[in-house]
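J.: For reference, the sequence and a predicted model appear below.
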Amino acid sequence: MKRLLGLLLVMGMVGCGGGSETPPAMTEFKKGVEFAEQGDYDTAIACYTKAIRINPNLTVAHFNRGMAYYKGEEFGDAGMAFDNFAKLFPEDTLTPDALFWAGESYRQGNQNSLAFRRYNRCRWDFPVSKAAKDARHRLTLPEMLQQYDAEANKVDHDIPASKAKAAEFNPFPPGAGRGGLGGTPMGERDGSSPPGGGAAPTPEGPYIVTGRLSGTSSRPQTKGENRIAPAADADAALEKLGALIERNDNGEVVKVGLGHTRITDAGLVHLKGLSELKSLNLGDTKITDAGLVHLQGLTSLQALGLPKQITDTGVAELQKALPNCKIEK
């Protein structure tokens, strides 16, 4: 981990030397590296988030924030952070690594469907990268083979005569035999897969996944449909704040993490367009009871984390508007 963070620090300093990074952003980034090396991942995340607010294009801060979440075993937030990296910086050299680490994060968090898709995006979109090689190794793990079967069955159920489409998910060629996994992953060039289906070694460098993630939608907008535009505006506003965002397969925002941001009571208005939002974390923010009115229309919300300064009265009033939501301080 120290080697990885040191590498990213050097990369960031090189970028700074070219005048593209502002000194305050790099100062916060370096603080984050120091705290991460000491094992204080919460403080490191706060520093990286501050660096991102100062300079949203500081890619190493985005990446290191994902790694800090991962090392702190906050795997859901780590996956979202790496997903956001891949979405924001699809051409960056770290993007293959981000996709791989998104897969790692989701797999560690027992979200195997998401992990399976990120590993595959990594190997499909960056087939000759080191990250793709490690992603292919991960796809030989028993839980990923089980996920292949689940994905294939899902496709067969949803789309008739779709066996050819289902085959796209298969990392192994016909006749490879999943018991010994002796074949070369389908469509790959270097034929590297661990003998006997054993777990791949822990990667030595940074790994990211890119390509079209499950959070990006290819669904055409219906004429007259006015739901997507406000959601897109909300999405953009929240990303500017440094929020962690997770989407469903239709591109709708279902989870938002704002715990380390500077969002205000007024800023909560951006959440109104997120009709499919299921989970919201406002844990370490400065919001007050006055801002809770903006949350009352989020009827799909199932889990809400509020900062400790919110009063019991404020929680009770919000609970009336959201009877099916679990609210915690």
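T.: Received the coordinates, thanks. Numbers count the residues shown, from 1 in each chain.
J.: Just the pLDDT at the residue lying closest to residue 284 once chain neighbours are set aside, thanks.
T.: Using Cβ to Cβ, 6 or more residues apart in numbering and skipping the chain neighbours, the partner closest in space to residue 284 is residue 259 (4.6 Å). (C-beta placed from N, C-alpha, C; glycine too.) At residue 259 the predicted local confidence, pLDDT, stands at 77.
J.: What of residue 165?
T.: At residue 165, the model reports a pLDDT of 37.
J.: swap in the one 5 residues further on?
T.: Residue 170 is assigned a predicted lDDT (pLDDT) of 38.
J.: now the one 5 residues further on
T.: The predicted local distance difference test score for residue 175 is 42.
J.: Which residues are in contact with residue 254?
T.: Residue 254 makes contact with 246-248, 276-279, according to Cβ atoms under 8 Å, 6 or more residues apart in numbering.
J.: The same query, at a cut-off of 7 Å, please.
T.: By Cβ atoms under 7 Å, 6 or more residues apart in numbering, the contact set of residue 254 is 246-248, 276-278.
J.: Distance to residue 77, pLDDT and neighbour count added to those residues, as JSON lines?
T.: Formatted as JSON lines, those follow (distance: Cβ to Cβ, whole Å; pLDDT from 0 to 100; neighbours: other Cβ atoms under 10 Å):
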{"residue": "246", "distance to residue 77": "9", "pLDDT": "82", "neighbour count": "20"}
{"residue": "247", "distance to residue 77": "15", "pLDDT": "79", "neighbour count": "21"}
{"residue": "248", "distance to residue 77": "17", "pLDDT": "78", "neighbour count": "14"}
{"residue": "276", "distance to residue 77": "19", "pLDDT": "87", "neighbour count": "17"}
{"residue": "277", "distance to residue 77": "16", "pLDDT": "90", "neighbour count": "23"}
{"residue": "278", "distance to residue 77": "15", "pLDDT": "91", "neighbour count": "19"}
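J.: In strands, which of the residues you listed fall?
T.: Within the contacts of residue 254, residues falling in strands by DSSP state E are 246-247.
J.: With distance to residue 136 as added columns, please give the contacts of residue 254 in TSV.
T.: Formatted as TSV, the contacts of residue 254 follow (distance: Cβ to Cβ, whole Å):
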residue	distance to residue 136
246	25
247	26
248	27
276	33
277	35
278	32
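J.: for the contacts of residue 254, which one is nearest residue 142?
T.: Here the nearest of the contacts of residue 254 to residue 142, counting by Cβ to Cβ, is residue 246; it sits at 25.9 Å.
J.: bridging residues for the closest one?
T.: Judged by DSSP bridges, the bridge partners of residue 246 are residue 255.
J.: Tell me the one of the contacts of residue 254 nearest residue 71?
T.: Distance ranking of these against residue 71, using Cβ to Cβ, places residue 246 first at 19.7 Å.
J.: thinking that closest one is in contact with residue 255, fair?
T.: Yes - A contact is recorded between residue 246 and residue 255 when judged using Cβ atoms under 7 Å, the distance being 3.9 Å.
J.: could you pull out the strands for the stretch 51-200 of the chain?
T.: In the stretch 51-200 of the chain, no strands are defined using DSSP state E, counting those that start in this stretch.
J.: what bits of the stretch 201-329 of the chain have low per-residue confidence?
T.: 201-237, 239-240 (pLDDT under 70).
J.: residue boundaries of the strands in it?
T.: Remark: strands of the stretch 201-329 of the chain, listed N- to C-terminal, are 244-247, 253-257, 279-281, 303-305, 326-328; assignment by DSSP E, counting those that start in this stretch.
J.: Need the contact partners of the fourth one.
T.: The contact list for strand 303-305, computed with Cβ under 7 Å, 6+ apart, reads 279-283, 325-328.
J.: Just put the residues you listed in CSV and tack on neighbour count.
T.: Written out in CSV, the entries for those read as follows (neighbours: other Cβ atoms under 10 Å):
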residue, neighbour count
279, 18
280, 25
281, 20
282, 24
283, 16
325, 19
326, 12
327, 19
328, 10
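J.: which residues touch residue 243?
T.: Residue 243 makes contacts with 256-258, 261, as judged by Cβ under 7 Å, 6+ apart.
J.: Please repeat the previous calculation with a cut-off of 8 Å.
T.: Contacts of residue 243 were listed using Cβ under 8 Å, 6+ apart, and they are 256-258, 261, 263.
J.: which of those lies closest to residue 105?
T.: Looking across these and measuring by Cβ to Cβ, the closest to residue 105 is residue 257, at 13.5 Å.
J.: Tell me, how many residues neighbour the closest residue to that closest one other than its chain neighbours?
T.: Once flanking residues are discounted, residue 257 sits nearest to residue 244: 3.7 Å by Cβ to Cβ, 6+ apart. Using other Cβ atoms under 10 Å as the criterion, residue 244 is surrounded by 27 other residues.
J.: Residue 79 is in contact with residue 244, correct?
T.: No - taking Cβ atoms under 8 Å as the contact criterion, residue 244 and residue 79 are not neighbours in contact, 9.2 Å apart.
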